[in-house]
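# missing the sequence, but the structure's below:
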Ligand SMILES: [Zn+2]
């Protein structure tokens, strides 16, 4: 059950200075962000535009930083960076393509757009309030990921805890093979060892895992010129295939989700 209480790993404001002082990422990489924030907190026109006092603006900036600063390696801001570094070594995220998002209570942590995935840092993360879709933290120098509405579809329609998007060459080739063979909008496979870790049924309806002689089916949707335009067809595929944990995007990659990071990562590796 998801609670409405504040995530336990998010440090309170009073602790944020300690984190800044000792957190390795913050010391070695995030100083430019701190400099920008500090500079902006001194910028009167910024506070005036937002209708805030200087003190209110400074407190908001500190709260936003506290959302992504934690010593816990399982904190979503740290975990997304670690996962993307691993996915980069697999060739699943290349350049700035692909991404990962984690739901943490009522907060969604989302990797930014246009950042080298293997070099991302916790302070690069966007944090969105699940209920209102408003950003609680938004790095000023970065753009939100175009995958955001697609990740949101997995969280809202499938109650996912983690959604991973990759540009895996294997996923792209599968969609091309299906196109060439005329099998259309679904990839089907059976009698292969790798499907044995895929759940049979979704969520509460799950009845164990697929067996060697079962058939795994993954819907394929057609690509669009802009990633965010995939939203409607991805949502349609999720609704049409209630048992699926993934949707392939032809000539593009795959979206995979799970109830938590471990399940999403395991399914992605299958
Ligand atoms: Zn993509």
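Nice, thanks for sending it over. Note that this is a predicted model, so its numbers are computed, not measured.
# can you give me how far stretch 237-250 is from the chain middle?
Distance of stretch 237-250 from its chain centroid, counting by Cα atoms, centre = their mean, to the nearest Å, is 17 Å.
# mind listing what's buried in it?
Within stretch 237-250, the residues scored as buried using 16 or more other Cβ atoms under 10 Å are 237, 238, 241, 244, 245, 246, 247, 248, 249, 250. (Each C-beta comes from the backbone N, C-alpha and C, glycine too.)
# how about the strands in the stretch 101-250 of the chain?
For the stretch 101-250 of the chain, the strands identified by DSSP state E, counting those that start in this stretch occupy 107-110, 126-129, 135-137, 162-166, 186-190, 215-221, 246-249, in order along the chain.
# switch the buried residues of stretch 237-250 over to a markdown table; also include distance to residue 186.
What follows is the buried residues of stretch 237-250, written out as a markdown table (distance: Cβ to Cβ, whole Å):
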| residue | distance to residue 186 |
| --- | --- |
| 237 | 10 |
| 238 | 14 |
| 241 | 8 |
| 244 | 10 |
| 245 | 14 |
| 246 | 12 |
| 247 | 10 |
| 248 | 9 |
| 249 | 13 |
| 250 | 11 |
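# now, which of those sits nearest residue 63?
Proximity of the buried residues of stretch 237-250 to residue 63, judged by Cβ to Cβ, is greatest for residue 238, which lies at 33.4 Å.
# in contact with the closest residue to that closest one other than its chain neighbours, which residues?
Closest residue in space to residue 238, ignoring its immediate chain neighbours: residue 157 at 5.0 Å, by Cβ to Cβ, 6 or more residues apart in numbering. By Cβ atoms under 8 Å, 6 or more residues apart in numbering, the contact set of residue 157 is 235, 238, 239.
# what about those, which are in helices?
Restricting those to those inside helices, with DSSP state H as the criterion, leaves 235, 238, 239.
# what is the neighbour count of residue 116?
By the criterion of other Cβ atoms under 10 Å, residue 116 has 12 neighbours.
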